[in-house]
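> Below is the sequence, then the predicted model.
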Amino acid sequence: MSVTVYVPGDSSALAVGAGRVARAIAAQAESRGLPVELVRNGSRGAYWLEPLVEVATPAGRIAYGPVREADVSSLFDAGFLDGGDHALALGATDDIPWFANQERLCFRRVGLIDPLDLDAYAAHGGWAGLDAALGMTGADIVKAVTDSGLRGRGGAAFPTGIKWNTVLGAQADRKYIVCNADEGDSGTFSDRMIFEGDPYLLVEGMAIAGIAVGATMGYVYLRSEYPHAFRLFREAIERATAAGILGADVRGSGRTFDLEVRLGAGAYICGEETSLLESLEGKRGQVRFKPPLPALKGLFGKPTVINNVISFASVPDILARGAAWYRDYGVGRSRGTLPIQLGGNLKRGGLVEKAFGVTLRELLYDWGGGSASGRPIRAVQVGGPLGAYLPESQFDTPLDYEAFAALSAMLGHGGIVAFDDSVDMLEQARFAMAFCAIESCGKCTPCRIGSTRGVEVVDRIRASLDREKNLALLRSLSDTMLNGSLCALGGLTPYPVLSALNHFPEDFAPRVAGASASEAARA
Amino acid sequence: MSLAVPRSAPDAPPPPLSDDARRVVADALERLAELPGALLPILHAIQDGLGHVPPAAVPLIAEALNLSRAEVHGVISFYHHFRTVAPGRHVLRLCRAEACQAMGARALEARLLERTGVDFHGTTADGALTIEPVYCLGNCACAPSLMLDDEVHGRVDADALDALLDEVRR
Ligand SMILES: Cc1cc2nc3c(=O)[nH]c(=O)nc-3n(C[C@H](O)[C@H](O)[C@H](O)COP(=O)(O)O)c2cc1C
Ligand code: SF4
Ligand code: FES
């Protein structure tokens, strides 16, 4: 009998050598005459352990990692196909505390199965939500989503059910479901992991949305930086269509739902929903004025549900297990779980799914293991390039939309990027302005001109030219952008800038020639 | 920022398409022009086939989609992904975003530009490599990151970068 060995085909695992490890395992198995069935699963999200190799044994899945190509021969020597001991052995995967202490709802299948295997998807609870939805009225589906307390995971945290209800109530000959998979925020990769680890979950979530509001066509707008996810998802759509899950007779219900995936083209602003719709229509990705809401006049002028990948991916279980089950997780008005992405300077980076309420400190130290460099963590940016930088004194903040808003910060798409004490916060503030200048859609002046001016002002502060005057100018510029921008690119860029200035003023102080800001501050 | 790419005078007509390029463009238009919102899929298909979207393709695209040339040009220039000049044999996109910054991306960038002698969007004199910036590859837990052609590389230190550069320029 052949032994099943799992080596992730996820692009981050491949980026650290999973492809070479898989080939080495196949070659060794062949030359040793040992029958091995290689499964290219998604990543479990413990990227610090990637490439993470698992072996299916009678006692469950046993993990080894991080495995390099050069380790493979010794793994065979150690009898890893029977779960044998080895310096890289981690024991039963499910017992590794990093996994055991998570609450994986959305991500429960990711890393477990071959992402394109329809049988495995069904065997692990797939389609239960869609089947439940097919037996319900649109209004009841929308009510379940509303009652679950699910808020959009793309950044703005708008209640998903309320948005769906607007589209349900709109009268039109066509309606659309659009998935925002632009995932532009630095520090985020949860959408990518769904595409590469459990793509049918997104298919199922979008189909439920279509059934709920009466839309028969869905588009996924996926960033062009994810070619691997694109290929996988196109294949997933083809297989789901061939299996009668998508198409003219969704799971034998007589209902229609089709899906198409389109690539973005490297514009951060196309993650903003109206810019994304323009882009899908084949135009420049310029932000639209609201109203009208996309829910009423969206893609091609038709009522459109537009949600983030994780929002859609959270829906199937809500339908299968009930709104109350989901609502029981979380705190305050932040219900359910958040797939949190730990990135940057952390020892144990990766995806941690937890109910809202877990603190930043727990994530940074209990999961993240502190900085990768071994130096103190000095600043943490949460919520992508438009998110605030938080200092140590704010690490006890619970992950909760309102708690972050109270700090002039945001959770966004759940990305957490840690910096050690070598970071120069003036440089980070400058980058925030520079990024805004590069990515501005150009529609409004505070963003388009303000960001370029912002870069110049930060440069003058660094050069100690009229420091006090330029610091005041930076604040007033930020104020203008905050209040005068049409969308959150210009409107939130001041968050990282002002938080850097407010929490790390020493980095904006005059510098000893040649010294970095933090050295200068300590000198 | 200086751009190490050849530029033609603003009003000079673009160089004509080769027969191969003409076929790629015609094929993209034939397969995709009927799609709703067809322009981005068409531009992707052309760039995938030719490595760039040649300016001489613009009138053909405009005609097929019933758009003005200015509109097509406006779309191409809006998106960072599309290039109008042929790249080198390989394209290296270095991540410049925050999670990679936290793991030394700024130093890596300096090394890359110094070792290749070109600025972002430039192509090395031997035609081996074009360098572009990118803002996050979704590899933030294994930073710093770069993408060489279609493949992401993570935990890239100076040695790993040098090895990749040697490989593509061999
Ligand atoms: C500059 C900017 C970039 C954004 N990028 C993304 C993105 O990459 N992915 C995403 O889902 N939402 C993004 N959003 C939020 C969307 O505008 C919108 O709120 C979201 O797609 C709604 O889906 P949700 O309710 O499921 O979160 C961005 C917003 C702005 C202003
Ligand atoms: S704030 Fe910036 S990105 Fe947003 S609409 Fe205005 S110019 Fe465009
Ligand atoms: S910030 Fe570089 S890969 Fe995400």
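Nice, I can see it. Residues are numbered from 1 along each chain as shown, chains lettered A, B, ... in the order given. Ligands and ions are numbered 1, 2, ... in the order given.

> residues in contact with B:V91?
Contact analysis of B:V91 by CB atoms under 8 Å, 6 or more residues apart in numbering or on different chains lists B:129-132, B:148-149. Using the backbone N, CA and C atoms, a C-beta is placed for each residue, glycine as well.

> quick one: average confidence on whatever helix or strand it lives in?
Using DSSP states H and E, B:V91 falls within strand B:90-95. What strand B:90-95 shows for mean pLDDT is 98.

> Same check on stretch A:347-357?
Rounded mean pLDDT across stretch A:347-357 is 98.

> Off-centre distance for it?
The chain centroid and the centroid of stretch A:347-357 are separated by 12 Å, computed with CA atoms, centre = their mean, to the nearest Å.

> Report the backbone C-alpha coordinates of that stretch in PDB.
The C-alpha trace of stretch A:347-357 is given here as PDB (Å, rounded to 0.1, in the frame of the first residue of the first chain):
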ATOM      1  CA  LYS A 347      10.000  34.400  14.300                       C
ATOM      2  CA  ARG A 348       6.800  32.500  13.500                       C
ATOM      3  CA  GLY A 349       4.900  34.200  10.700                       C
ATOM      4  CA  GLY A 350       1.800  32.800   9.100                       C
ATOM      5  CA  LEU A 351      -1.900  32.600   9.300                       C
ATOM      6  CA  VAL A 352      -3.600  32.400  12.600                       C
ATOM      7  CA  GLU A 353      -7.400  32.200  12.700                       C
ATOM      8  CA  LYS A 354      -8.800  33.300  16.000                       C
ATOM      9  CA  ALA A 355     -12.100  34.700  17.400                       C
ATOM     10  CA  PHE A 356     -12.100  38.500  17.700                       C
ATOM     11  CA  GLY A 357     -10.800  39.600  21.100                       C
END
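
> do it and ligand 3 meet?
No. Contact of stretch A:347-357 with ligand 3 (CB under 6 Å from any ligand atom) is absent, the minimum separation being 10.5 Å.

> quick revisit: after the strand holding B:V91, next one along is what?
helix B:98-101.

> Would you mind writing the CA trace of that following helix as PDB?
Taking C-alpha atoms only, helix B:98-101 is exported to PDB below (Å, rounded to 0.1, in the frame of the first residue of the first chain):
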ATOM      1  CA  GLU B  98       6.300  47.100   4.400                       C
ATOM      2  CA  ALA B  99       6.600  43.400   5.500                       C
ATOM      3  CA  CYS B 100       9.600  43.000   3.300                       C
ATOM      4  CA  GLN B 101      11.000  46.400   4.400                       C
END
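
> what's near enough to touch the residue nearest to the spatial centre of chain B?
By CA atoms, centre = their mean, chain B has its centre lying nearest to B:R83, at 5.1 Å. The contact partners of B:R83, by CB under 8 Å, 6+ apart, come to B:47, B:51-53, B:121.

> By neighbour count, which of the residues you listed wins?
Using other CB atoms under 10 Å in any protein chain shown as the neighbour criterion, B:V53 leads these with 26 neighbours.

> shouldn't that one be in contact with B:I42?
No. Using CB atoms under 8 Å, B:V53 makes no contact with B:I42, being 9.2 Å away.

> shouldn't A:G111 be in contact with A:Y47?
No. Between A:G111 and A:Y47 there is no contact under CB under 8 Å: 11.1 Å.

> Tell me the pLDDT of B:R169.
85.

> Which residue, other than its chain neighbours, is closest to it?
Leaving aside its sequence neighbours, B:R169 sits nearest to B:A128 (CB to CB, 6 or more residues apart in numbering or on different chains; 4.6 Å).

> Contact partners for that neighbour?
B:88-90, B:168-169.

> coming back round to it: CSV for the contacts of B:R83, including pLDDT?
Below are the contacts of B:R83 laid out as CSV (pLDDT from 0 to 100):
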residue, pLDDT
B:Q47, 98
B:G51, 98
B:H52, 98
B:V53, 98
B:H121, 97
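
> Reformat these as a markdown table; add secondary structure.
As requested, these are arranged in a markdown table below (DSSP: H, G, I helix; E, B strand; the rest coil):
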| residue | secondary structure |
| --- | --- |
| B:Q47 | helix |
| B:G51 | coil |
| B:H52 | coil |
| B:V53 | coil |
| B:H121 | coil |
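
> Nearest to A:S11, out of these: which one, please.
For the contacts of B:R83, the closest approach to A:S11 (CB to CB) belongs to B:Q47, at 20.4 Å.
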